[in-house]
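> Quick one: sequence plus predicted model below, questions after.
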Amino acid sequence: MRIIGGEHKGKAIIPPKNFSARPTTDFAKEGLFNTLANQYDFSEISVLDLFSGTGGITYEFASRGCDNITSIEMNQVHSAFIKSTIAKLGLKGVNLVRHNVFDFLEICRLSYDIIFADPPYDMEGLKGIPDKILAKEILNKEGLLIFEHPAAFNFEKHPNFVKEKKYGNVHFTFFKK
């Protein structure tokens, strides 16, 4: 895994051997950030990264100048890795919260321009996660929820559906309020 763009472009991020998270592929991250770069000035937005795993999405936003990022990861090993990587890279404006995503959604009082959610693909109730996020007042009025999921799920009929982008086996569905 590596950082695709921005100040830290090309830096390798190597999780330890005992890591169970599935990082978003470099190919998929490149496609996603090419799309987002045409819509946003990263230095002016706030980002919530749910189910952070390796922290790859957080690092990409930070490398591109976003300095208002909240990264949520429950797993202790994953959180420790993200924390150490943030420190190694000297990333500013990243708030790492070691918490269960669903409990965090209940207590969160901030709102964000982009919410990125990449739950484990085998998580029970995966299809309902976008609704749980959209039901909370945490997405800014013109904000964007990006949900990473396997091909088995299709959200085209969802009332908040905007578009889906596919990069190999990675699918990103975009939602707006």
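Thanks, I have the structure now.
> taking the mean pLDDT, what do you get for the strand ranked longest in the chain?
Assignment by DSSP state E gives strand 139-149 as the longest strand of the chain. The average pLDDT for strand 139-149 rounds to 96.
> and the angle for the following helix or strand past it with strand 139-149?
The helix or strand immediately downstream of strand 139-149 is strand 161-167, counting by DSSP states H and E. Angle between the axes of strand 161-167 and strand 139-149 is 40 degrees (criterion: axes from the mean of the first three to the mean of the last three Cα atoms, to 10 degrees).
> which neighbours does the helix or strand following strand 161-167 have in its sheet, and in what orientation?
Downstream of strand 161-167, the first helix or strand assigned by DSSP H and E is strand 170-175. Here strand 170-175 is paired, per DSSP bridges, with strand 139-149 (antiparallel), strand 161-167 (antiparallel).
> Find out how far strand 170-175 is from the centre of the chain, if you would.
11 Å (Cα atoms, centre = their mean, to the nearest Å).
> Can you tell me what sits against it?
Residues outside strand 170-175 that contact it (Cβ atoms under 8 Å, 6 or more residues apart in numbering): 24-25, 27-28, 32, 130, 134, 144-151, 153, 155, 158, 160-166. In this view, the C-beta of every residue, glycine as well, is placed from N, C-alpha and C.
> ok, now stretch 71-84?
Residues outside stretch 71-84 that contact it (Cβ under 8 Å, 6+ apart) are 15-16, 18-21, 48-55, 58, 94-101, 104.
> how deep is the nearest residue to Lys9 once chain neighbours are set aside tucked in, by neighbour count?
With Cβ to Cβ, 6 or more residues apart in numbering as the criterion, Lys9 has its nearest non-adjacent residue at 5.9 Å, and that residue is Ile3. Neighbourhood size, Ile3 [other Cβ atoms under 10 Å]: 21.
> For Ile3, which residues are in contact?
By Cβ under 8 Å, 6+ apart, the neighbours of Ile3 are Lys9, Gly10, Lys11, Ile13, Tyr59, Glu60, Ser63.
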